[in-house]
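K.L.:
need a structure here:
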Amino acid sequence: MADAVHEAKRVLILPGWQNSGPEHWQSRWERLHGFERVQQADWDLPLRGDWMMQLEQALLDDPRPVVLVAHSLGCQLVASWAAHSRNTAVVTSALLVAPPDTAHPETPPQLASWRVISRQALPFASCMLYSSNDPFCASTRALAMARDWGSQAIGLGAAGHINADTGLGDWPAGLELVQQLQANPKSQPGRAIQAGQADRADSAEQAEQAAQAAEKDEANSASPAAGQPKSLKQ
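P.N.:
Okay, the predicted model is just below:
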């Protein structure tokens, strides 16, 4: 049964490329707490415009305030949609987990429409969780996106792509972040991540340093980093 705080605002689940499988924390939350998944017509060939239209329609279908919970490519969806939609006021906040670096030169061809990352500040509160060993995004790149989007950034240490392979199970700490964003979108929800489990990295100075490093990475994009994967596993 959904908590009272869950009933106050809708929670929309935004999976990434190839959708989130049954053991992914997004799918577990959907089953346990009645969150709604935005279904995409094509999970394997994710055209940015099509995905943006699906999110727009999901928001237009129900006028209640919404908290967006995005993973992987879903984070890029939030940024792209927010930069173009006239209906962003319905979104009160967003949890952005493990955004991928789709601008990387070895990004799979199926994600060609996502190569240009939207850098516009989000018009609602947001919290980004990133990993120090995410195979799809270097920490410096994640922090640069957080700076541009105006997101609070919280490092989870070596947590991979923060998906089913990370072994989070029902991920109660992540759920607490969502509950805090529901109750108070302007809060700094980082306290939900236990001490020793999170490496806080949200200072303006650190984000600026990360952004500068990311810009250098882009300038040297002709030489791809070793070990960059060919796909984004959910």
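K.L.:
Phi, psi for the residue nearest to N133 when sequence neighbours are not counted please.
P.N.:
For N133, the nearest residue in space outside its immediate sequence neighbours is A158; the separation is 4.5 Å by C-beta to C-beta, 6 or more residues apart in numbering. All C-beta atoms are positioned from the backbone trio N, CA, C, and that covers glycine. Dihedral angles phi and psi of A158 (degrees, to the nearest 10) take the values phi -80, psi 80.
K.L.:
Tell me how many other residues crowd A158.
P.N.:
11 (other C-beta atoms under 10 Å).
K.L.:
Now do the contacts for it.
P.N.:
For A158, the residues meeting the contact criterion (C-beta atoms under 8 Å, 6 or more residues apart in numbering) are S131, S132, N133.
K.L.:
tell me the SS of A142?
P.N.:
With DSSP: H, G, I helix; E, B strand; the rest coil as the basis, A142 sits in helix.
K.L.:
again, but for A70
P.N.:
strand.
K.L.:
hmm, back to that, any idea of the pLDDT on the residue nearest to N133?
P.N.:
According to the model's per-residue confidence, A158 sits at a pLDDT of 97.
K.L.:
now N184
P.N.:
Taking N184 on its own, its pLDDT is 87.
K.L.:
Equivalent analysis for Q194, please.
P.N.:
What the model reports for Q194 is a pLDDT of 43.
K.L.:
in this protein, which segments are predicted with low confidence?
P.N.:
Low-confidence segments of the chain, defined by pLDDT under 70, span residues 1-8, 190-234.
K.L.:
Any idea which residue is closest to the centre of it?
P.N.:
L96 (2.7 Å; C-alpha atoms, centre = their mean).
K.L.:
Now do the SS call for that one.
P.N.:
Here L96 takes the strand state, with states given by three-state DSSP.
K.L.:
so it sits right up against V78, yeah?
P.N.:
Yes: contact criterion C-beta atoms under 8 Å: L96 and V78 qualify, at 6.4 Å.
K.L.:
intersection of neighbour lists for these two?
P.N.:
Between them, L96 and V78 share the neighbouring residues A70, S126, with contact defined by C-beta under 8 Å, 6+ apart.
K.L.:
count of neighbours near the closest residue to T107 other than its chain neighbours?
P.N.:
Of all residues beyond its chain neighbours, the one nearest T107 is R115 (6.2 Å), with distances taken as C-beta to C-beta, 6+ apart. By the measure other C-beta under 10 Å, the count of residues near R115 is 13.
K.L.:
P100 is in contact with R115, correct?
P.N.:
No: using C-beta under 8 Å, R115 and P100 do not qualify as a contacting pair, with a distance of 11.3 Å.
K.L.:
and for the two, which residues touch both?
P.N.:
Overlap between the neighbourhoods of R115 and P100 consists of T107, taking contacts as C-beta under 8 Å, 6+ apart.
K.L.:
if I look at S113, how far off is A142?
P.N.:
Distance of S113 to A142, given as C-beta to C-beta, to the nearest Å: 21 Å.
K.L.:
For those two, indicate the residue with more neighbours.
P.N.:
Ranked by neighbour count (other C-beta under 10 Å), S113 and A142 place A142 first, with 29 against 15.
K.L.:
what's near enough to touch the more buried one?
P.N.:
Contact criterion C-beta under 8 Å, 6+ apart gives P99, D101, M128, Y130, D134, A153, A210 as the residues in contact with A142.
K.L.:
I'd say the fourth one and T140 touch.
P.N.:
No: checked against C-beta under 8 Å, the pair Y130 and T140 is beyond contact range at 10.1 Å.
K.L.:
what about these two, which has more around it?
P.N.:
Neighbours were counted for Y130 and for T140 using other C-beta under 10 Å; Y130 has more, 27 against 20.
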